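S.K.: here is my input, please return the structure:
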Amino acid sequence: MANFYCCRIISTCLYLPRQRLQRQEMTSNTPGDLFDPDHYEIGKSVGYLLARAKSALSQGVEQEVSSLDMTHAQASCLMMLAKGEATTVTDLARNLNTDAGSVTRLLSRMEKRGLIERTRRDDDRRVVDLSLTAEGEAMVEKLPVVFCNVMRRHFVGFSQEEIETLRDMLLRLIANNGGIGSAASCPLDRNTG
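M.R.: Sure thing, here's the model as predicted:
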């Protein structure tokens, strides 16, 4: 989603000097040399490669949605609202792995364009509910094609089984971290969204 900064946990592992790394005891479920600082190579690092792949996908979506006068972050917000994956600013911040302030600024631009509406709850004025406008719903109908076109380009040569395996492995990786992570740890890139 947009060009997010790499999560602190990945960037910390990528750039800390070796003497500051604490070795964890290897278990039977932990790859041996792959995560051994004595054998570490950034170009072969899973974290580094994940960050590069995420960046390439984000740039692809960013290019595609620019023809709709949108950013990747805006498109992601619209899709999450349309699918019911988020209904409040807090939900969006958590799902986009960013802070509520960044999401609020993003939503202000979307509201000015007439894509969303924000409503404060009567029972709790701190909570802001979000909904799509008719124009936002019309935009959402165009987005699945955009996302699928980008994925098709990036997954040329992959079988359906390989893609499903990759998806399952990524879900396991996320689950190992207790979910997506702390919302404040990965703010939206200030140049997008």
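S.K.: going forward, measure contacts and count neighbours with C-alpha atoms only.
M.R.: OK.
S.K.: need the strands for this structure, in chain order.
M.R.: Using DSSP state E, the strands of the chain run over 116-120, 128-132.
S.K.: quick one, the last one and strand 116-120 angle?
M.R.: By that I understand strand 128-132. 150 degrees (axes from the mean of the first three to the mean of the last three Cα atoms, to 10 degrees).
S.K.: export strand 128-132 as CSV, just CAs?
M.R.: Coordinates of each C-alpha in strand 128-132 appear next as CSV, following Å, rounded to 0.1, in the frame of the first residue of the first chain:
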residue,chain,number,x,y,z
VAL,A,128,-15.1,8.6,13.0
ASP,A,129,-17.2,6.3,10.8
LEU,A,130,-16.3,6.2,7.1
SER,A,131,-18.5,5.5,4.1
LEU,A,132,-18.1,5.6,0.3
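S.K.: relative to the whole chain's centre, how far out is stretch 142-152?
M.R.: Offset of stretch 142-152 from its chain centre (Cα atoms, centre = their mean, to the nearest Å): 16 Å.
S.K.: ignore the last one, stretch 39-53
M.R.: 18 Å.
S.K.: stretch 75-95 too?
M.R.: 12 Å.
S.K.: kindly check the end-to-end length of that stretch for me.
M.R.: Start-to-end span of stretch 75-95 (Cα to Cα, to the nearest Å) is 13 Å.
S.K.: now do stretch 85-102
M.R.: Using Cα to Cα, one end of stretch 85-102 lies 18 Å from the other.
S.K.: contact partners of stretch 79-93?
M.R.: The set of residues external to stretch 79-93 that reach it, using Cα atoms under 8 Å, 6 or more residues apart in numbering, is 77, 95, 99-100, 103-104, 127-132, 137, 140, 143, 183.
S.K.: among those, who's most crowded?
M.R.: Within the contacts of stretch 79-93, neighbour counts (other Cα atoms under 10 Å) peak at C77, which reaches 27 neighbours.
S.K.: just the pLDDT at that residue, thanks.
M.R.: pLDDT, C77: 94.
S.K.: likewise for D124?
M.R.: In this model, D124 is scored at 88, pLDDT.
S.K.: check what pLDDT G179 gets.
M.R.: 67.
S.K.: next: the one 5 residues further on.
M.R.: Model confidence at A184, expressed as pLDDT, equals 35.
S.K.: again, but for F147
M.R.: pLDDT, F147: 94.
S.K.: what does the one 3 residues further on give?
M.R.: pLDDT recorded at V150 is 95.
S.K.: re the thing from before, show me which of the contacts of stretch 79-93 is closest to Q59.
M.R.: Comparing these against Q59 with Cα to Cα places L143 closest, at 15.2 Å.
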